[in-house]
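Visitor: fold the following for me, if possible:
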Amino acid sequence: MARGTLRFWAAAKAAAGVAEEPYDAANLAEALESARSAHGDALAKVIARSTFVVDGAPVGGRAHDSVVLTDGGTVEVLPPFAGG
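Guide: Take a look at the predicted model:
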């Protein structure tokens, strides 16, 4: 397991009710499932439409369970922004 920070932006921040929180997960799928469980359906809906940047690298179309997280790392949760 790795420990790092999930950062929520725009609608994700509003749905989570926080700008950031720690993760304790081996991969992106585990970190996102933990966030969905902690914050409920509103955040789950935003996550479903979001893109992700892990340690400065866009995740793109990679399977979330294949994206390994690092100790001290950062996951940016980026919902669609104005018109995007």
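
Visitor: buried set for the lengthiest helix in the chain?
Guide: As assigned by DSSP state H, the longest helix anywhere in the chain is helix 28-39. Across helix 28-39, burial judged by 16 or more other C-beta atoms under 10 Å covers 28, 30-36, 39. Any C-beta I mention is one placed from the backbone N, CA and C, and that applies to glycine too.

Visitor: let me know how buried the closest residue to residue 81 other than its chain neighbours is, in neighbour terms.
Guide: Nearest residue to residue 81, sequence neighbours excluded (C-beta to C-beta, 6 or more residues apart in numbering): residue 10, at 6.1 Å. For residue 10, the count of nearby residues is 15 (other C-beta atoms under 10 Å).

Visitor: quick one on the thing from earlier: which pair in the buried residues of helix 28-39 has the greatest spatial separation?
Guide: Of all pairs drawn from the buried residues of helix 28-39, the greatest distance, 16.3 Å, lies between 28 and 39 (C-beta to C-beta).

Visitor: and residue 69, how many neighbours?
Guide: Using other C-beta under 10 Å, residue 69 has 24 other residues around it.

Visitor: how close does it get to residue 77?
Guide: Relative to residue 77, residue 69 is positioned 13 Å away (C-beta to C-beta, to the nearest Å).

Visitor: where do the helices sit along the protein?
Guide: 11-16, 28-39, 41-49.

Visitor: CA-only coordinates of the longest one in CSV, if you can.
Guide: Looking back up the chat, that one is helix 28-39. This file holds the C-alpha atoms of helix 28-39, laid out as CSV (Å, rounded to 0.1, in the frame of the first residue of the first chain):
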residue,chain,number,x,y,z
LEU,A,28,-5.8,4.2,-8.6
ALA,A,29,-8.8,2.0,-8.7
GLU,A,30,-8.5,1.3,-4.9
ALA,A,31,-8.0,5.0,-4.1
LEU,A,32,-11.1,6.0,-6.1
GLU,A,33,-13.2,3.3,-4.6
SER,A,34,-12.2,4.5,-1.1
ALA,A,35,-13.2,8.0,-2.0
ARG,A,36,-16.5,6.9,-3.5
SER,A,37,-17.3,4.9,-0.3
ALA,A,38,-16.3,7.8,1.9
HIS,A,39,-18.3,10.5,0.1
